[in-house]
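Asks: got a sequence here, can you model it:
(one chain, ligands or ions: 1)
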Amino acid sequence: MSADASASPTTATPPLPALAGGPIYLDYNSTTPVDPRVVDAMLPYLKTHFGNPSSGHAFSHAPRRALARAREQIAQLIGARPGEVVFTGGGSEANTLALCGAVLARPDPSRAHVITQVTEHPAVLETCRALRDRHGTEVTYLPVDATGRVDPHDLAAAITKRTVLVSVMAANNETGVLQPIGALARIARERGVLFHTDAAQAAGKIPIDVSGLGVDLLTMAGHKLYAPKGIGALYVRAGTHIVPVIAGGGQERGLRAGTENVALAAALGAAADLAAADLAAAELAAQELAHAGADGGPQRLRRLRDLLHRLLRERLPRVDLNGHDAERLPGTLNISIAGVSGDDLLAAVPTVAAATGSACHTGRTDPSPVLTAMGHDRDRALAALRLSVGRWTTDRDVETAAAQIAEAALALLARPDRDG
Ligand SMILES: Cc1ncc(COP(=O)(O)O)c(C=O)c1O
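Replies: Model prediction:
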């Protein structure tokens, strides 16, 4: 059943030179390679069309058109209007603009209350902490269940008269777990509270429609969907009142000052276009309208992810899935191999590039806060391995990585000096 990657009908795109000769890349949630088609879309704005889009002369025309096009492409991906897209310098900045922008728009931020949840990315958690420390804003952290999901009843119970914003991520970066955003946003809306979702990991990987979901603010990050790092966008529903974090020349409807990075904006637009095409193809295939054998985008990733999971389960005595089996990003697999430290395992398999979620602080390893918030004990959290597949992952990659990971894990389990 071993497939030759170069001949595999399931290899959606030609092999990527940037990945050749390195370890097997299973860390797409950390960052994605830039798609060559995205590079092509941005180069003219580095090489030729250098003008400032706000200038009054002819050099501004092509950059201004590029910005407008990119805004349309991004809006199209998430069901927004182009005027509701604000370019930022990445996902963290978009989250900061959403949270600080909404809270600092209030006459007295020390009387404001924000609700978020325990498995958010640090870009949200640390911004909440900064709002509390610097402005006295009250923050409530909703718990998650063992699968990593928030209970909408908990949100309903946490909203008070002072609540100005709820921020819950669309998909978790470590587990891929999807939150019930539609249900949560509906509760916020009914109570007159703004709703923000950090969709840095979700945008382009699953269908998103801001109107259907009922969100007011939504974060995107370029380098999670095959555009470069350092570019992101915040969807700001028309009529939503937020204040800028970066003040200045009034660009981006006054919400984000600074001459726009036209090349990176064009890149994000092109990446959004490619993602939208992938999602549309997947939708057709799901309706069985596509030609037989169609295996594009999310379906392909889901198949590869599940193949990886199955091969590891077949070879190892105990593999626990961290997260929700079904409500999960198609390309994310977070597992704990019982008795094997994730860090030791990755060190033993340098031929596979993946992540654990744990963090080293001066000689001590802290387990992933996401997994401990889900109620997993320290051993299970330290055993975690995040394997994320993407556009250039092949069947052969998955088969080889599974064999190498399983072999190394069995060797670690057999070590005579093993604890316990
Ligand atoms: C869920 C989530 N939010 C925000 C970010 C931050 O995005 P950026 O690296 O573009 O600032 C990331 C990136 O790791 C992420 O996974």
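Asks: surely residue 197 is within a strand?
Replies: Yes: counting by DSSP: H, G, I helix; E, B strand; the rest coil, residue 197 is part of a strand.
Asks: tell me what it is bridged to.
Replies: Residue 197 has these beta-bridge partners by DSSP bridges: residue 218.
Asks: kindly provide the distance from it to the ligand.
Replies: From residue 197 over to the ligand the distance is 10 Å, taken as C-beta to the nearest ligand atom, to the nearest Å. C-beta here means a position set from N, CA and C on the backbone, and glycine is covered the same way.
Asks: mind checking pLDDT for that residue?
Replies: What the model reports as pLDDT for residue 197 is 98.
Asks: so how far is residue 333 from it?
Replies: In this view, residue 197 and residue 333 are 23 Å apart by C-beta to C-beta, to the nearest Å.
Asks: again, but for residue 351
Replies: 18 Å.
Asks: residue 319 too?
Replies: 10 Å.
Asks: higher neighbour count, the two?
Replies: residue 333 (26 against 21; other C-beta atoms under 10 Å).
Asks: assign the more buried one to helix, strand or coil.
Replies: strand.
Asks: right, and it touches residue 387 too?
Replies: Yes: here residue 333 reaches residue 387: they are 4.6 Å apart, a contact under C-beta atoms under 8 Å.
Asks: where do the contact lists of these two overlap?
Replies: 305, 308 (C-beta atoms under 8 Å, 6 or more residues apart in numbering).
Asks: before we move on, back to that, common neighbours of residue 319 and residue 333, please.
Replies: Residues touching both residue 319 and residue 333 by C-beta under 8 Å, 6+ apart: residue 309.
Asks: what is the end-to-end distance of stretch 220-232?
Replies: This stretch, stretch 220-232, spans 5 Å end to end (C-alpha to C-alpha, to the nearest Å).
Asks: in it, what counts as buried?
Replies: Buried residues in stretch 220-232, counting neighbours by 16 or more other C-beta atoms under 10 Å, are found at 220, 221, 222, 223, 224, 225, 226, 227, 228, 229, 231, 232.
Asks: tell me who's in contact with the fifth one.
Replies: With contacts defined as C-beta under 8 Å, 6+ apart, residue 224 is in contact with 29, 31, 32, 91, 200, 201, 203, 204.
Asks: and the strands in the stretch 251-400 of the chain, which stretches?
Replies: 319-321, 332-337, 352-353, 359-361, 364-366, 384-388 (DSSP state E, counting those that start in this stretch).
Asks: number of residues surrounding the residue of the stretch 1-150 of the chain found nearest the ligand?
Replies: Of all residues in the stretch 1-150 of the chain, the one sitting closest to the ligand is residue 91 (2.5 Å; C-beta to the nearest ligand atom). When neighbours are counted by other C-beta under 10 Å, residue 91 registers 28.
Asks: gap between the closest residue to it other than its chain neighbours and residue 32?
Replies: Distances taken as C-beta to C-beta, 6 or more residues apart in numbering place residue 221 nearest to residue 91, at 3.0 Å, with adjacent residues excluded. If you measure residue 221 against residue 32 using C-beta to C-beta, the figure is 10 Å.
Asks: swap in residue 152?
Replies: With distances taken as C-beta to C-beta, residue 152 is found 31 Å from residue 32.
Asks: more crowded one of these two?
Replies: residue 32 (24 against 18).
Asks: report the contact partners of that one.
Replies: 223, 224, 225, 226, 390, 391.
Asks: re earlier: between the strands of the stretch 251-400 of the chain, which one is closest to residue 142.
Replies: strand 332-337 (20.5 Å; C-beta to C-beta).
Asks: now tabulate the contacts of residue 32 in TSV and tack on distance to residue 406 and pLDDT.
Replies: Output for the contacts of residue 32, formatted as TSV (distance: C-beta to C-beta, whole Å; pLDDT from 0 to 100):
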residue	distance to residue 406	pLDDT
223	30	98
224	28	98
225	30	97
226	29	98
390	22	97
391	25	96
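Asks: next step: these restricted to helices.
Replies: Of those, none are assigned to helices by DSSP state H.
Asks: near the ligand, which of these show up?
Replies: Contacts with the ligand within the contacts of residue 32, counted by C-beta under 6 Å from any ligand atom: residue 223.
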